[in-house]
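Asker: everything below, folded, please.
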Amino acid sequence: MVNLIPQPLHVDEKVGGVFFSKKTELSGAFAEIFDVLKTMLPEAEDAEENKLIFAEDKTVPAEGYHIACEDGDIKITASDKAGAFYGVMTLLQLCGGADSFDAVEIEDAPRYHHRGFMLDCARHFWTVDKIKQILDVMAKIKMNIFHWHLTEDQGWRIEIKKYPLLTEKGSIRKSTALTFTGYEEHKEPRDYTEYGRGLFYTQDQVRDVVAYAAERQINIIPEIDMPGHFVAAIACYPELSCTGEQVEVSDRWGVLDNIACCGKENIYNFVKDIIDELCELFPYPYFHIGGDEVPKGHWEVCPACQAKIKELGLKDENALQGYFNNVVSDYLKSKGKHTVGWNEILEASENLDRSIIPQWWILMEGSNREKQWLDDGGKMILSLVDYVYMDHPYAIRPLEKTYSYGPEKMGITDDSNVLGIEAPQWTEYIRDEEKFDMNTYARLLAIAEVAWTAPENKDYDDFESRLEHLREYFASIGAVLAPSWIYRGDTLGEVPEEERIEAGWKAWRDDSYFEVKLMNRTNS
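Answerer: Got it, this is the predicted structure:
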């Protein structure tokens, strides 16, 4: 049996073994990727010298590849450097850390172009080294989009030279909530240690990460959330809000009503200044503006917002957000960028720029906006919370449920306008690598297969078998996978699904680290 994740289109097992190591000579097409590939080749122990020959063939689908083994050598045929790179990632899995593999012939290509992972670095900061380790794992499983969530109510994490207060002050909050228990009463347990001072990415660090990702065929989409989730910016520049009140960076999770004032011209200038600097750092032609969870109570009573609505002849406050989105989208277009936003931006879809790309994470009750957007030719990224969000326990969202995801779960029968699938990792209650690894990596493997593999080639039991066969290999590259009894959601015993989910939510509210503690108690 050939154990690969994601599952390729076609695999034929051949007779004999093939060496693949630092003694393997790389030659042929796509020489621009050789340097990074040489750093990944297995150490040569008893390996013999052989060749890996790359050939370019424009009939191979984009990002696809063909592997053939003959006379001890290897040939990878692809139409582009991404496909050639992914062919080598397949060889590395076949070796599993050794310096040889059983001969195969493989033909492969992805289902979707956008195969993404989003990391929230605003609630809790993740070092450049950790991000590079994540990028390494993503490359090995042929994921190609890193969505970098950089700003929130609770912290601004990227250097903007024109607005130094964003990181000098906007990165720091006074305390951090530890669980959801008592949230409604403002009595949730919390760590009263200051968090965030100096925890941001300099522009030089961003350039380094972007270059590192590009070598691994990964593009980075930055997200600056606007006009909601904006308290960290308002704490630094109060004039960006409707009231102009001085506030602190929030230390509360959830949806906050202090949002940017879209009735004042200064917010548009501020956002354009941010875009100017970030477009110099992020070459990929996509930019995420958030747009989710925007309570508009302040706008309803704000003289500037109401005057803007009247001046522009807008229907209501939702239309004002639509206007804001369009202004930002037009400016991003002038920079050669496509605008991406969470699917709440469709609340103003009647006047929304048709080139904007919604990311569908939540089902809007009684709304058919998303399907209509697709039917009318609009593009979309799929990230439905109930299947792909990684921050909740496996008791709530077992790995099998994540693996079952696809456009059909959202009632989409024609996915021709679906760009792809992305899984977010939100980090309100993920504050160390142990929990990050447990909650993330098994799900990342599942999402990689969901986004790459043709539906007819998917089988959860087979996927789990391959995952377990590859467990040591992934551990060797830093992807520590949750134990099977945890990712199956068995942490609460044999109970009916409805009871398991209810108990899972209670455990999450009371102690967001309960699965980590269960695992450590078992291991001890």
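Asker: beta partners of L119?
Answerer: W148, Q425 (DSSP bridges).
Asker: ok, C69 next?
Answerer: Counting by DSSP bridges, the residues bridging with C69 are I74.
Asker: confirm for me that it is in contact with I106.
Answerer: No. Using C-beta atoms under 8 Å, C69 makes no contact with I106, being 9.5 Å away. Just so you know, the C-beta spots here come from the backbone N, C-alpha and C atoms, and that holds for glycine as well.
Asker: gap between the two ends of stretch 155-166?
Answerer: Start-to-end span of stretch 155-166 (C-alpha to C-alpha, to the nearest Å) is 9 Å.
Asker: list the contacts of it.
Answerer: 121-123, 125, 150-151, 167, 170-173, 195-196, 199-203, 206, 222, 232-233, 236-237, 249, 270, 273-274, 277-278 (C-beta atoms under 8 Å, 6 or more residues apart in numbering).
Asker: any quick ChimeraX command for the buried ones out of these?
Answerer: The following ChimeraX line selects those of those that are buried, judged by 16 or more other C-beta atoms under 10 Å:
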select :121,122,123,125,150,151,167,170,171,172,173,195,196,199,200,201,206,222,232,233,236,237,249,270,274,278
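Asker: from the contacts of stretch 155-166, which ones fall inside helices?
Answerer: Using DSSP state H, the members of the contacts of stretch 155-166 that fall in helices are 167, 203, 206, 232-233, 236, 270, 273-274, 277-278.
Asker: between those, which is nearest N457?
Answerer: V206 (37.1 Å; C-beta to C-beta).
Asker: go ahead and confirm the closest one touches P283.
Answerer: No. The pair V206 and P283 does not pass the contact test of C-beta under 8 Å, sitting 11.4 Å apart.
Asker: helices along the stretch 351-500 of the chain, start to end?
Answerer: 369-375, 385-388, 399-403, 433-452, 460-469, 471-476, 484-487, 497-510 (DSSP state H, counting those that start in this stretch).
Asker: single out the most deeply packed of those.
Answerer: Burial of these is given as mean neighbour count (mean count of other C-beta atoms under 10 Å); helix 433-452 ranks first at a mean of 24.
Asker: other SSEs contacting that one?
Answerer: Here helix 433-452 touches strand 114-120, helix 128-140, helix 399-403, strand 418-425, helix 460-469, helix 484-487, helix 514-523, going by 3 or more C-beta pairs under 8 Å, 6 or more residues apart in numbering; DSSP states H and E.
Asker: rerun at 6 Å
Answerer: helix 399-403, strand 418-425, helix 514-523 (3 or more C-beta pairs under 6 Å, 6 or more residues apart in numbering; DSSP states H and E).
Asker: can you list these in JSON lines and add distance to V210?
Answerer: Below are the helices and strands packed on helix 433-452 laid out as JSON lines (distance: least, C-beta to C-beta, whole Å):
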{"stretch": "helix 399-403", "distance to V210": "28"}
{"stretch": "strand 418-425", "distance to V210": "18"}
{"stretch": "helix 514-523", "distance to V210": "32"}
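Asker: identify whichever of those lies nearest to E456.
Answerer: Closest among the helices and strands packed on helix 433-452, using C-beta to C-beta: helix 399-403, at 14.6 Å.
Asker: packing partners of the helix or strand containing E25?
Answerer: Here E25 sits within strand 24-28, counting by DSSP states H and E. Other elements packing on strand 24-28 under the criterion 3+ C-beta pairs under 6 Å, 6+ apart are strand 50-56.
Asker: now do the strand it packs on against strand 24-28, angle only.
Answerer: 20 degrees (axes from the mean of the first three to the mean of the last three C-alpha atoms, to 10 degrees).
Asker: average pLDDT across strand 50-56?
Answerer: Across strand 50-56, pLDDT averages out at 98.
Asker: who are the packing partners of it?
Answerer: Going by 3+ C-beta pairs under 6 Å, 6+ apart, strand 50-56 lies up against strand 24-28, strand 73-78.
Asker: most tightly packed of those strands?
Answerer: Highest mean neighbour count among the helices and strands packed on strand 50-56 (mean count of other C-beta under 10 Å): strand 73-78, a mean of 22.
Asker: could you list the residues in contact with the next helix or strand after that one?
Answerer: The element immediately downstream of strand 73-78 (helix or strand, assigned by DSSP H and E) is helix 81-95. Helix 81-95 is contacted from outside by 4, 20, 30, 33, 37, 42, 54, 63-65, 67, 76, 78, 101, 140, 142, 217, using C-beta atoms under 6 Å, 6 or more residues apart in numbering.
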